[in-house]
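Return atomic coordinates for the entry below.
(2 chains)
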Amino acid sequence: DQQVKQNSPSLSVQEGRISILNCDYTNSMFDYFLWYKKYPAEGPTFLISISSIKDKNEDGRFTVFLNKSAKHLSLHIVPSQPGDSAVYFCAASETGNTPLVFGKGTRLSVIA
Amino acid sequence: KAGVTQTPRYLIKTRGQQVTLSCSPISGHRSVSWYQQTPGQGLQFLFEYFSETQRNKGNFPGRFSGRQFSNSRSEMNVSTLELGDSALYLCASSYSGRNTEAFFGQGTRLTVV
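The predicted structure is shown next:
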């Protein structure tokens, strides 16, 4: 049973607009959530994270929102740029030391 | 500072053969984790080593095994290869063992024919 779900396999957004990527989880023990960006033939690159004691974390153009009651998090990218086109993975961990559990990814295409 | 290095980058093997993949972590990092990425399943955790001891293991058959050496380099081995083992195998390292602070290598693309 998948504990981390990214229900949108792909998303297309125009350059300059907002990209919103969503992630749902089922394990209430998850305390740490991360977003990774991945280009083809490369390893995932860490983007931004949030712990369960917060509901929002910002880093430049990237903001992650966490809704614990809904077991839902989202990544907002504003403004979207063509270089943001990649596959984005949501991941979660129970304690930070436990293995990361990944979603299947969402392919973001930013159109110029 | 060099990143996580995985060798080889690409590999083609025949069904029934075995394969060994290598991962050199960032200098000073003591934890190495392995993940399998397939189109249908996303990234799935294989196992984690910390200071030469297996600390966690994912839900994979016994054909998948690994080890870590005293210099923190790690290898994973897959025996009796099946077509379904074709995947990108990713290694991640961290200093403290906190997986939320891990850095990933570029991966080894294994194709089983």
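
Can you get me a residue count around residue A:59?
The tally of other residues near residue A:59 (other Cβ atoms under 10 Å in any protein chain shown) stands at 10. In short, each C-beta sits where N, CA and C put it, glycine included.

Check the closest residue to it other than its chain neighbours and give its pLDDT.
Once flanking residues are discounted, residue A:59 sits nearest to residue A:48: 5.0 Å by Cβ to Cβ, 6 or more residues apart in numbering or on different chains. Residue A:48 carries a pLDDT value of 96.

Relative to chain A, how far out is the residue nearest to the spatial centre of chain B?
For chain B, residue B:34 is the residue whose C-alpha lies nearest the centre (Cα atoms, centre = their mean; 3.4 Å). For residue B:34, the distance to chain A equals 10 Å [Cβ to the nearest Cβ, to the nearest Å].

ok, back up a step: part of a strand, is the residue nearest to residue A:59?
Yes. Inclusion of residue A:48 in a strand is indicated when DSSP: H, G, I helix; E, B strand; the rest coil is applied.

ok, how many other residues are close to it?
18.

got it, and residue A:111?
11.

Identify all contacting residues around the helix or strand harbouring residue B:47.
Element membership of residue B:47, judged by DSSP states H and E, is strand B:42-50. Under the contact criterion Cβ atoms under 8 Å, 6 or more residues apart in numbering or on different chains, strand B:42-50 has outside partners A:44, A:89, A:91, A:99-105, B:30-38, B:54-60, B:64, B:66-68, B:74, B:76, B:89-90, B:97, B:99.

how about the residues of chain A that lie near chain B?
Within reach of chain B by Cβ under 8 Å from any Cβ of the partner chain, chain A has these residues: A:32, A:34, A:36, A:41-46, A:49, A:89, A:91, A:93, A:96-105.
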